[in-house]
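Participant: what follows is a protein structure lacking sequence information:
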């Protein structure tokens with residue numbers, strides 16, 4: 001989803017960079033407990049230092065539902081991207097204002113799964129399977145990196161959201177029937193949106209033969225006149241998981257040859273990657289897991305150990321500095337600039353601008369989910385959270 005962000009007043013573009021931290025801290029103190037600032041791990045150091053709580057998508061979703069209520073806050077400033085702010089708006093107590101400092105901070109992966117395309121795929125796949133005599137059921141699952149509209153589509157059709165932290169639990173729940181328990185002998189397929197790599201890696205971890213038991217639906221092929229998103233009816237019928245043709249632009253940059261290079265330079269270096277990487281990278285790694293898993297693994301790593309990490313650049317650099325104090329050596333898996341460019345749009349000038357407005361009684365850049373989508377989108381998130389263990393906050 002691409003939203004227009006107005007240009008900042010000249011004051012914020014001409015202020016010396018070294019003055020922003022003090023100005024933001026001053027405003028933060030003035031606003032007190034009525035404000036909670038949430039910061040995603042991919043933010044720059046300049047932004048993350050102002051967050052009250054940091055985390056990945058799952059952790060911040062839970063914080064939106066709990067810590068805001070505990071503090072009695074009326075406003076969330078979400079230093080993340082648009083779909084995260086939507087999730088916070090769904091989960092926060094009624095009446096909470098959710099602010100995204102720069103409305104242009106979107107997610108290319110979320111944009112790869114449009115609501116209209118999901119509806120069309122749903123109808124086409126069901127029609128094709130029914131014409132062949134298939135009488136099973138499809139349960140949709142969407143990665144939390146999706147629009148509220150797609151979350152609503154999933155919630156309406158008996159499915160749930162997931163994150164990289166809980167994809168396997170949600171995956172198993174879906175294969176067992178999702179919101180309606182599977183009947184004896186009933187065949188269940190999962191439609192997994194929008195990240196094909198997380199879906200494929202989760203299927204593989206579940207023991208599936210991904211070449212036969214998964215297939216790919218590409219909405220671009222359908223729009224160009226192709227049938228079933230580029231898959232054949234046999235592929236759709238054989239598949240237990242139908243993957244959406246979406247991906248993370250950051251994690252797509254990590255390639256199998258990067259793993260090979262690390263192995264050739266230093267076979268003792270452990271490779272740790274995010275499951276948004278392609279399956280060829282995950283198969284060549286020593287460990288794969290969510291952002292929180294990556295952080296926990298490195299914080300518990302033995303002194304003297306060496307790690308090559310396949311995830312977003314700002315997070316890896318932060319972890320490398322932190323780990324060096326414990327004699328744990330961390331580097332990024334690839335030397336290319338693997339950073340989230342849309343997350344990078346959240347900066348100190350925009351953060352100060354929204355805080356200044358709040359201090360003056362004005363709420364700008366509010367993110368609100370459309371009333372028609374709100375109920376079913378919230379349902380898909382609540383199903384996810386019911387399958388997830390609560391996580392500790394990082395203050």
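Facilitator: Cool, the structure landed. All values reported here derive from a predicted model rather than from experimental measurement. Numbering: from 1, shown residues only.

Participant: could you use CA atoms for every contact and neighbour count after this?
Facilitator: OK.

Participant: what's the strand or helix carrying residue 376 packed up against?
Facilitator: Residue 376 is part of helix 371-386 when elements are defined by DSSP states H and E. Applying 3 or more C-alpha pairs under 8 Å, 6 or more residues apart in numbering; DSSP states H and E, we find helix 371-386 packed against helix 82-91, helix 148-156, strand 160-162.

Participant: measure residue 272 to residue 262 for me?
Facilitator: As for residue 272, its distance to residue 262 is 12 Å (criterion: C-alpha to C-alpha, to the nearest Å).

Participant: the two: who's more crowded?
Facilitator: Using other C-alpha atoms under 10 Å as the criterion, residue 272 and residue 262 rank with residue 272 on top: 26 against 18.

Participant: what count of nearby residues applies to residue 204?
Facilitator: Applying other C-alpha under 10 Å, we find 17 residues neighbouring residue 204.

Participant: and of the helices and strands packed on helix 371-386, who's closest to residue 258?
Facilitator: Among these, strand 160-162 comes nearest to residue 258, with 28.2 Å by C-alpha to C-alpha.

Participant: now do the helix holding residue 376: everything it contacts.
Facilitator: Residues from elsewhere that reach helix 371-386, judged by C-alpha atoms under 8 Å, 6 or more residues apart in numbering: 62, 87, 90-91, 148-156, 159-162, 170.

Participant: the same query, at a cut-off of 10 Å, please.
Facilitator: The contact list for helix 371-386 (C-alpha atoms under 10 Å, 6 or more residues apart in numbering) reads 58, 61-62, 86-87, 89-91, 140-142, 144, 147-163, 166-167, 169-170, 173, 178-179, 368-370, 388.

Participant: show me where pLDDT drops low in the protein?
Facilitator: For the chain, applying pLDDT under 70 flags the ranges 1-2, 337, 389-395.

Participant: domain parsing for it?
Facilitator: The chain breaks down by automatic domain parsing into domains covering 10-105+342-386, 110-244, 251-332.

Participant: first to last residue in the shortest one, what's the distance?
Facilitator: Taking C-alpha to C-alpha, the span from the opening residue of domain 251-332 to its closing residue is 12 Å.

Participant: just how off-centre is it within its chain?
Facilitator: Computed by C-alpha atoms, centre = their mean, to the nearest Å, the separation of domain 251-332 from the middle of its chain amounts to 19 Å.

Participant: what sits in contact with each of residue 272 and residue 262?
Facilitator: Both residue 272 and residue 262 are contacted by 307, 308, 333, under the criterion C-alpha under 10 Å, 6+ apart.

Participant: out of the residues you listed, who has the most neighbours?
Facilitator: residue 333 (24 neighbours).

Participant: ok, that one - contacts?
Facilitator: If you count contacts by C-alpha under 10 Å, 6+ apart, residue 333 has them with 253-255, 258-259, 261-262, 271-273, 307-311, 313, 316.

Participant: sort out which of these are in helices and list them.
Facilitator: By the criterion of DSSP state H, membership of these in helices covers 258, 259, 261, 262, 313, 316.

Participant: excluding chain neighbours, what is closest to the fourth one?
Facilitator: Nearest non-adjacent residue to residue 262, counting by C-alpha to C-alpha, 6 or more residues apart in numbering: residue 269, 7.2 Å away.

Participant: quick check: phi and psi on the one you found?
Facilitator: Residue 269 has phi and psi values of phi -70, psi 130 when expressed as degrees, to the nearest 10.

Participant: next one: residue 291
Facilitator: Main-chain torsions, residue 291, degrees, to the nearest 10: phi -60, psi -40.

Participant: same deal with residue 35?
Facilitator: As for residue 35, its main-chain torsions (degrees, to the nearest 10) stand at phi -120, psi 140.

Participant: since that was my last question, I'll sign off now.
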